Each structure stands twice: as structure tokens, then as C-alpha cells.
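> can you look at this prediction? I've put the sequence above it.
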Amino acid sequence: NTSLGFGGKPRTTTPPSRGLRHFSMKVCEKVEEKGTTTYNEVADELVSEIKAADEKAARERGEPAPVRPADKKNNDDKNIRRRVYDAL
């Protein structure tokens, strides 16, 4: 997806499922669903759900599951965990 950003330059947009507002809602839903929980429990579940969603999307497009280098995977996981912390 591309759209025009500031100054008319093309920019890529994230899928709707990756927006911060949507992500915050997912965190709230997890907490409501569990009642009493911990940051780590919510973060671990969302990391695994997002990974599963990425793999499913790749399969639907007929592509192999995404293979990420360890450092990229760690950065992605840390970013998700930061977003969970911010939402809480």
C-alpha cells in the first residue's frame, strides 16, 4: 500500500491490523478477557498471535512462511512488547 505523505512523496502505509490504535484495542481485549493477568502474559500471547497471523497471510498469498533473521525477529518481538507496555 502506498499513499502520498508529507510533501506529496509516496509513503507506505501499514495494514489496518498494525495501527497503534488497533493494537491498543487488542491489548485491552486481552486484559478484559483474562481479568487478572500480567504484562508478560499479554505480551507473549500477542507476539505469538501476530507471528501466526503473518504466517497465515503468507500461506493465503501462496508464499512460504516468512523466515526472519534472529536479530530482526528479536527487534520485532521487542517492538510488540513495547507497544503492549505503552497500551497498559
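Great, that's in hand.

> only C-alpha atoms from now on, for both contacts and neighbour counts.
Will do.

> residue contacts, Cys28?
Residues in contact with Cys28 (C-alpha atoms under 8 Å, 6 or more residues apart in numbering) are 87-88.

> which SSE is it in?
Assigned by DSSP states H and E, Cys28 falls within helix 20-34.

> which residues in the protein form strands?
Using DSSP state E, the strands of the chain run over 2-4, 10-12.

> look at Asn40 and report its pLDDT.
pLDDT for Asn40: 95.

> number of nearby residues for it?
The tally of other residues near Asn40 (other C-alpha atoms under 10 Å) stands at 12.

> from Gly62, how far off is it?
33 Å (C-alpha to C-alpha, to the nearest Å).

> again with Tyr39
For Tyr39, the distance to Gly62 (C-alpha to C-alpha) stands at 35 Å.

> who's more crowded, the two?
Each of Tyr39 and Gly62 has its neighbours counted (other C-alpha under 10 Å); Tyr39 has more, 13 against 9.

> just give the nearest non-adjacent residue to Lys30, would you?
Nearest residue to Lys30 in three dimensions, chain neighbours excluded: Val42, at 6.6 Å (C-alpha to C-alpha, 6 or more residues apart in numbering).

> the one you found and Val31 touch, don't they?
Yes - assessed by C-alpha atoms under 8 Å, Val42 is found in contact with Val31 at 7.3 Å.

> so between the two, which is more surrounded?
Val42 (20 against 17).

> what's near enough to touch Glu55?
Going by C-alpha under 8 Å, 6+ apart, Glu55 touches 65-66.

> retrieve the pLDDT associated with it.
Note on Glu55: pLDDT of 85.

> who's in contact with Tyr85?
Tyr39.

> ranges for the helices of the protein?
Using DSSP state H, the helices of the chain run over 20-34, 39-60, 70-87.
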